[in-house]
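Trainee: this one's structure only:
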């Protein structure tokens, strides 16, 4: 359970930092110290977690649902988060999906190639690869939906 708590605290910290500490205080009505206790790794705060209403409020203001995603990953559930801002509407055809899939995969491989060049994948490089992986996942979800709808 300790590792689960640590995992959730890391994602809670990411959520607060995504929103910003001052705006997070405004959104939740909690102080900086209280928010800090929710993601503190110190033994005295080990059993202290952010209330779900505060998580929901912060995730509404955040760019990504960090804690919800962490909880779903712990249960083996995959979430689909679509933050794309497409320049053009999708044609909805499987051919367009295959092209998009190959392009996204090429982007992921490019990020990987650049990241592994020095033999070390840094945190920022891992984040860029994760972003590409999520974009690739979204293309696969679109493709699945188009196939289910019979849009071939």
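Mentor: Arrived safely. Everything numeric in this text was worked out from a predicted model, so none of it was measured.
Trainee: alpha carbons only for contacts and neighbour counts from here, please
Mentor: Will do.
Trainee: Point out where this protein drops to low pLDDT.
Mentor: Regions of the chain meeting the criterion pLDDT under 70 cover residues 1-2, 80-92, 151-152.
Trainee: Enumerate the positions of stretch 5-24 that are buried.
Mentor: Using 16 or more other C-alpha atoms under 10 Å as the test for burial, stretch 5-24 gives 5, 7-16, 18-19, 21, 24.
Trainee: Give me the neighbour count for residue 65.
Mentor: Using other C-alpha atoms under 10 Å, residue 65 has 21 neighbouring residues.
Trainee: My error: substitute residue 118 in the last question.
Mentor: Neighbours of residue 118 (other C-alpha under 10 Å): 8.
Trainee: so how far is residue 104 from it?
Mentor: According to C-alpha to C-alpha, to the nearest Å, residue 118 and residue 104 sit 23 Å apart.
Trainee: again, but for residue 45
Mentor: Going from residue 45 to residue 104 by C-alpha to C-alpha gives 42 Å.
Trainee: Tell me which of those two has more neighbours.
Mentor: Taking neighbours as other C-alpha under 10 Å, residue 45 and residue 104 compare with residue 104 leading, 20 against 13.
Trainee: name the element the more buried one belongs to?
Mentor: helix 94-116 (DSSP states H and E).
Trainee: just checking, next helix/strand downstream of that helix?
Mentor: helix 123-148.
Trainee: Pull the contacting residues for residue 59.
Mentor: Shown in contact with residue 59 (C-alpha atoms under 8 Å, 6 or more residues apart in numbering): 15, 65-67.
Trainee: so it is in which element?
Mentor: Secondary structure (DSSP H and E) places residue 59 in helix 52-61.
Trainee: buried stuff in that helix?
Mentor: Within helix 52-61, judged by 16+ other C-alpha under 10 Å, the buried ones are 54-55, 58-59, 61.
Trainee: Tell me the one of those nearest residue 109?
Mentor: Checking the buried residues of helix 52-61 against residue 109 with C-alpha to C-alpha, the nearest one is residue 59 at 30.3 Å.
Trainee: What distance do you get for residue 38 to residue 32?
Mentor: In terms of C-alpha to C-alpha, residue 38 sits 10 Å off from residue 32.
Trainee: Counting neighbours around each, name which of these two comes out higher.
Mentor: Between residue 38 and residue 32, residue 38 has the larger neighbour count (other C-alpha under 10 Å), namely 21 against 13.
Trainee: Good, we can wrap up now.
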